[in-house]
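Asks: Pasting a predicted model and its sequence here:
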Amino acid sequence: MIKEIREPLIFEISEAGKRAGELPALDVPVKMDLLAGVALRREIEGFPEVSETEVTRHFTRLSQKNYCVDMGIYPLGSCTMKYNPKVNERLAGLPDFAASHPLASEDLVQGSLEVLKRLETYLCEIAGMDAFTLHPAAGAHGELTGMMLIRAALEARGGARKYVLIPDSAHGTNPSSAHICGYSVKEVKSNEKGTIDVEALEAAMTDEVAALMVTNPNTLGVFESDICRVAEIIHAKGGLVYMDGANMNALTGIVRPGDMGIDVLHINLHKTFSTPHGGGGPGSGPVGVKKELVPYLPVPVIGEKGGRFVLDFDRPASIGRVRSYFGNFSVIVRALCYILTLGPKGVREIAEFAVLNANYIRKGLEGEYHLKYTTPSMHECVFSDKIQKEFGVTNLDIAKRLIDYGLHPPTMSFPLIVHGALMIEPTETESRRDLDLFIDAMKAIAREAKENPELLRSAPHAAYVSRLDEVAAAKFPVLRWVKEA
Amino acid sequence: MYPNDFRYTKEHEWIKVAGDEALIGITDFAQHQLGDIIYVELPPVGKELAVRQSISVVESVKSVSDVYAPFSGQVVAVNEALVQTADLINKDPHGQGWIVRLKIKDKKEIDGLLTANDYEKFLEGLEH
Amino acid sequence: MSYLSLSDKDKREMLAATGVDSIDGLFCCIPDAVRLKRELKLPAAQSELELVRTIEAIGRKNAYSRHLSFLGGGAYEHFIPTVVDYLSSRGEFVSPYTPYQPEVSQGTLQVVFEFQTLVCQLTGLDIANASLYEGATATAEAVLMAQRITTRNRVLLARTLHPQYREVVRTYIKNLGLEAFDVPYGPDGRVDKDALGRALDEKTAAVVFQSPNFFGVVEDVQALSDAAHGRKALSVAIVAEAISLGLLEAPGKLGADIVTGEGQSLGVPVSFGGPYLGFMACKKEFLRQMPGRIVGQTVDKEGRRGFVLTLSTREQHIRRERATSNICTNQGLCALRATIFMESLGRQGLREMAWQNAQKAAYAAERLGSVPGVRRKFSGPVFNEFVVELAKPWPAVDAGLRGQGLIGGYGLEPAYPELKNSALVCVTELKTKDQIDRLARALQEVLS
């Protein structure tokens, strides 16, 4: 039964004269000819007018329409939807941090600079890299930064080169980041195990190839066991290896990208380091590099001089700025808190139990759902809808039916090399009870696919809306509220 | 299903030759795979194309697909109707859903294209 | 402290169920040669109490808050209603992912739809996206967008555009065959229209300017847009101080084709520079070229209104190398904060806040300008920031003010070498008359 809670748009509740926020009266003499000669607006047309009570109810009711990690398992593959520690929220919001201005002189913000430096240091240790920049605002931004660093390093060596090799299983941000750096993309096929075809890679590697962008474990949740050989092949012909660190949750404390031949990588603080996803951000995508690339890091770099932290802008080889100020600071505070809370053993346990939880789910669903690649899974496993397709049920139907069980669906239709994919990543913070709930629901749905496929094709039935018409949304875009004439 | 007087490619384009020009579109199979088409990027008239170069991009709700030049040629006309009604490709992929008309540079390139029979066999072999 | 939810019994039984005899066995596919064989060198684990003490101690090393600050320059200290923190910290907003499963994300999706609407209303343009990272990258995205739309490779950047934004644009366009040229400013602190006219040509994709600009001066948006259009270039208006849109005419109504910039002023704390909130709005006809996520309205099978992410075929996860951008995240929580902020203040409140900013800055400008040794540098109209030129070198003045617990402004010489002894002073609605007077008195003392 559809839960009938219609929440109007704020503009539909709005009525003239109401307000939720007030300022004290102006305490300076009023200047009558303020901004004379400047085009001023008569009013902010269409802006809502509501009371604080109405604002509070509006957003409280809207929040209730969201599923979230705080409610239950959120097994989105490659997203690492782990628990967001609450104390980190409190500490990121400390007035000493929240109020620190990015243009303040260094001596006034030594605490903020220490936060940045500390996280850089800890990430170097966890990733096995020589330096980190915390500037990038998100994973994709980190990728772009990383590729720019590669380009700069190769230019210094003698030539930027033309191509970047990317496995066909890669996330869409990889090729688009390469493209923005001025590179053309050449796809490398995966083998029957779902990993990079080393022979194909060797054939593709020429002295016109700048880099390989690799995800490890890859987007199938499988570890690229040939990674050292792969890195050798690239390095032998003068290329560099970029690692998309989206799947770091499988590696923390077990193996370090820097020890696997990786030259540059980005990490997602909002994945591996527990900072909240916020319904779509803000994240943070720090980039780690080996020594050779340090001169090219974006400015400013946090340095230390005479026991104090300083901002180093004197970096003639730097790629320049990739954003304003220093990074997504309050996200960085949360990640620092997380690492300090876990300690070395706790950081290792992230990977240990992320992988255990994923394999527990895999074992539970094997046989019920089709597994295209039988290679061992790490922190995520990828099934497909092949078995259910025979009853006219697709991965989309399975996903929508999971909603009726009060659970969030896994990632669908990615990676592209698995048709009808269901990518499941539980993360290490799930309890056995929640894992079993998910497995049981998926098993029930597999049965329903056989016995009552129409139930799945018409799902969800127990959300706030039934299946939404995404075709109409694209064909006839309505992207804002407009006042009815 | 697939008109006998058309030619085809493995990238699911159809070609209807008329003299030294040819109409090009995407096949019924392709439009079905793409789903509801919402936008078509058309090339400028007069553009010269090498074989296998991208002539057009067809966008559906969930995916994007290139349409490749089956032979070298020059764009003589584009189907302006697609600007307003992109889903003509879904409704009538082999007729009103044509995308471009190309002037053929080398007739020999047409000979290498698949016949209706070849194309239907090719479709049978694909994993759906 | 651990956030795991597994008991020892769970771990044993689950290992058994997966058919592996030890945790170590789960990693058998990792070559032994690269396995880390030692514990990570990180500080020992801390309990919550210890963590709070550690972090609070680091926080106390920030002396900034113990000063009365007049800093602006792209990051603004404004009143944030308490409901913003309160509502945006709900777990249902904080802990979900991007709303790819719309049926269980209607809360997030509707918030973004409202956000898009509010941005359109503020900027006076037809469509807006779900937000971008921050102001500088938003500016770079607008430049790339202008290149795609016009297929031209030259952009003109006003020198009065935030120095960091211009740097980021240059970083982004370096490998794409685009060129950027700076357009100088005049004695009024605005873009020099003659210089602009001379720099514009048929290869110009866009004229990119900021209003109010980095000096706090309000640009003649209509004139700049007309100049750009005269050469069929796009007019790109950057707004770094979003509160100004409560009072100043919407750039979209003054000819701007794209309005983008920084929404930090709308309920996001200055927080040492991030995370912030890039926003972008543009004319209807540029929809396909606009980067970032977009939420659209639709209906479900029974005709109920709902919201979905739409037009995703512009984006990287489908178009891959032909995407409009590689951007994946928007700034969800920051956009939520801004939405709550804008809806709380509302039509009257935002306007009043903007008005108070302008009034207090005008008062401060007069008060400081009357101090011997202080001169208003530019003659153009200002919103909430203005430039003062001092009779003594800025570092000395700054130090003197600091000695009195004041941060008087932001020294401009590093970014603008010709502006020696000049500083940018920002006054928002948070400043009281007494505080402004205090700055004036302190300046007088330091300069005497």
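Replies: All right, it came through fine. Numbering: from 1, shown residues only, chains lettered A, B, ... in the order given.

Asks: rest of the way, CA atoms for contacts and neighbours
Replies: Noted.

Asks: Dump stretch C:174-191 to CSV, keeping only the CA atoms.
Replies: Provided in CSV are the C-alpha atoms of stretch C:174-191 (Å, rounded to 0.1, in the frame of the first residue of the first chain):
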residue,chain,number,x,y,z
LYS,C,174,45.2,24.4,-19.8
ASN,C,175,44.8,21.1,-21.6
LEU,C,176,41.7,21.9,-23.6
GLY,C,177,43.1,24.5,-26.1
LEU,C,178,41.2,27.4,-24.5
GLU,C,179,42.8,30.7,-23.7
ALA,C,180,41.9,33.2,-21.0
PHE,C,181,42.7,36.9,-21.0
ASP,C,182,42.3,39.3,-18.1
VAL,C,183,40.4,42.5,-18.6
PRO,C,184,41.6,45.4,-16.5
TYR,C,185,39.5,47.6,-14.2
GLY,C,186,39.1,51.4,-14.0
PRO,C,187,39.4,53.9,-11.2
ASP,C,188,35.8,53.1,-10.2
GLY,C,189,36.9,49.6,-9.4
ARG,C,190,34.7,48.1,-12.2
VAL,C,191,35.6,46.4,-15.5
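
Asks: what does chain B put close to chain A?
Replies: B:D36, B:I38, B:V61 (C-alpha under 8 Å from any C-alpha of the partner chain).

Asks: now the helix ranked longest in chain B: how far from the chain's centre is it?
Replies: When chain B is parsed with DSSP state H, its longest helix is helix B:116-125. Chain-centre distance of helix B:116-125: 16 Å, with C-alpha atoms, centre = their mean, to the nearest Å.

Asks: and what of stretch C:248-259?
Replies: With C-alpha atoms, centre = their mean, you get 18 Å for stretch C:248-259.

Asks: Stretch B:2-10 now?
Replies: Distance, centroid of stretch B:2-10 to centroid of chain: 10 Å (C-alpha atoms, centre = their mean).

Asks: Could you tell me the end-to-end distance of that stretch?
Replies: 14 Å (C-alpha to C-alpha, to the nearest Å).

Asks: who touches residue 121 in this structure?
Replies: Defaulting to chain A. Contacts here follow C-alpha atoms under 8 Å, 6 or more residues apart in numbering or on different chains; on that basis A:T121 touches A:A131, A:F132.

Asks: ah, I was thinking of chain C
Replies: A:I44, A:E45, A:G46, A:F47.

Asks: so it is in which element?
Replies: C:Q121 is part of helix C:106-123 when elements are defined by DSSP states H and E.

Asks: do the same with C:L144
Replies: helix C:135-150.

Asks: what residues does that helix touch?
Replies: Contacts for helix C:135-150 (C-alpha under 8 Å, 6+ apart): A:322-324, C:132, C:153, C:155, C:164-166, C:168-169, C:172-173, C:205-206, C:208, C:233-234, C:236, C:238, C:240, C:258, C:260-263, C:276-280, C:286, C:289-291, C:324-325.

Asks: so which of those are also by chain B?
Replies: Counting by C-alpha under 8 Å from any C-alpha, no member of these is near chain B.

Asks: among those, which are in strands?
Replies: C:155, C:205-206, C:208, C:234, C:236, C:238, C:258, C:260-262, C:278-280 (DSSP state E).

Asks: Make CSV out of the residues you listed and add distance to A:N359 and neighbour count.
Replies: What follows is these, written out as CSV (distance: C-alpha to C-alpha, whole Å; neighbours: other C-alpha atoms under 10 Å in any protein chain shown):
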residue, distance to A:N359, neighbour count
C:V155, 53, 26
C:A205, 53, 30
C:A206, 53, 33
C:V208, 53, 31
C:L234, 54, 27
C:V236, 51, 30
C:I238, 50, 30
C:I258, 49, 29
C:T260, 46, 32
C:G261, 45, 29
C:E262, 44, 27
C:G278, 40, 27
C:F279, 41, 31
C:M280, 43, 31
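
Asks: Three-state assignment for the residue nearest to C:V111 when sequence neighbours are not counted, please.
Replies: Excluding the flanking residues, the one nearest C:V111 by C-alpha to C-alpha, 6 or more residues apart in numbering or on different chains is C:L336, at 6.5 Å. Recorded secondary structure, C:L336: helix (DSSP: H, G, I helix; E, B strand; the rest coil).

Asks: before we move on, back to that, what residues of the longest helix of chain B count as buried?
Replies: For helix B:116-125, burial by neighbour count (16 or more other C-alpha atoms under 10 Å in any protein chain shown) applies to B:A116, B:Y119.

Asks: No more questions from me, cheers.
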